[in-house]
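**Student:** can't give you the sequence, but here's the structure:
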């Protein structure tokens, strides 16, 4: 992918040296949808960084001044629609990095790549991601009850979560 720069960030392909940054927030993911990505050690983090490096849909979000990885975005294309999402190191919360990065990605997807529609899935208990979707101009399209399970209870039974779908059309983005 061609890197995208903002005032404080660079959005780029992953590199092997991002492994330490990945491990910092994937050793214990905050959002349950990322539990399957849990990394146990630096070897696993290096393998994950290498895997992501070959995939333009997996986007490293780095501080411009130091190139330190602070989170990631994803943008999985489906024809003229793209599934988007984000995962940031909680140590950097409250600084507006997620909004800055997602806004830059959305602008690139709509204006450079000509995408028609973006959508994101968010668990109903993930208030920070819901607020981010809304701040980005996305509208809530629906609530899927008992939609997906990311973990099991002590008896081994799936714990199903309610999931919201947010979306944004290019024409809506252009009118913001």
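**Tutor:** Structure's in. What do you need? Everything numeric here is computed off the predicted structure, so don't read it as measured data. Numbering: from 1, shown residues only.

**Student:** counting contacts, what elements does the worst-scoring helix or strand of the chain on mean pLDDT pack onto?
**Tutor:** Here the helix or strand of the chain ranked lowest by mean pLDDT, DSSP states H and E is strand 139-152, holding a mean of 93. Packing partners of strand 139-152 (3 or more C-beta pairs under 8 Å, 6 or more residues apart in numbering; DSSP states H and E): helix 127-135, strand 158-169. Every C-beta, even on glycine, is put in place using the N, C-alpha and C of the backbone.

**Student:** repeat that with 10 Å
**Tutor:** strand 117-123, helix 127-135, strand 158-169 (3 or more C-beta pairs under 10 Å, 6 or more residues apart in numbering; DSSP states H and E).

**Student:** show me which residues of stretch 162-176 are buried.
**Tutor:** If you call a residue buried by 16 or more other C-beta atoms under 10 Å, then stretch 162-176 has these buried ones: 163, 164, 165, 166, 167, 168, 169, 170, 173.

**Student:** now for the residues you listed, which pair is the farthest apart?
**Tutor:** Farthest-apart pair in the buried residues of stretch 162-176 is 163 and 170; separation 23.9 Å (C-beta to C-beta).

**Student:** on the pLDDT front, check the most centrally placed residue in the chain for me.
**Tutor:** Nearest to the geometric centre of the chain sits residue 86, at 1.4 Å (C-alpha atoms, centre = their mean). As predicted, residue 86 sits at a pLDDT of 97.

**Student:** the helix or strand harbouring it vs strand 117-123, what angle?
**Tutor:** Residue 86 is part of strand 81-88, with elements assigned from DSSP states H and E. Going by axes from the mean of the first three to the mean of the last three C-alpha atoms, to 10 degrees, strand 81-88 is angled at 40 degrees with respect to strand 117-123.

**Student:** what's the following helix or strand after strand 81-88?
**Tutor:** Per DSSP H and E, the helix or strand that comes after strand 81-88 is helix 97-107.

**Student:** burial measure for residue 140, as a count.
**Tutor:** Residue 140: 13 surrounding residues under other C-beta atoms under 10 Å.

**Student:** next one: residue 36
**Tutor:** Neighbours of residue 36 under the rule other C-beta under 10 Å: 9.
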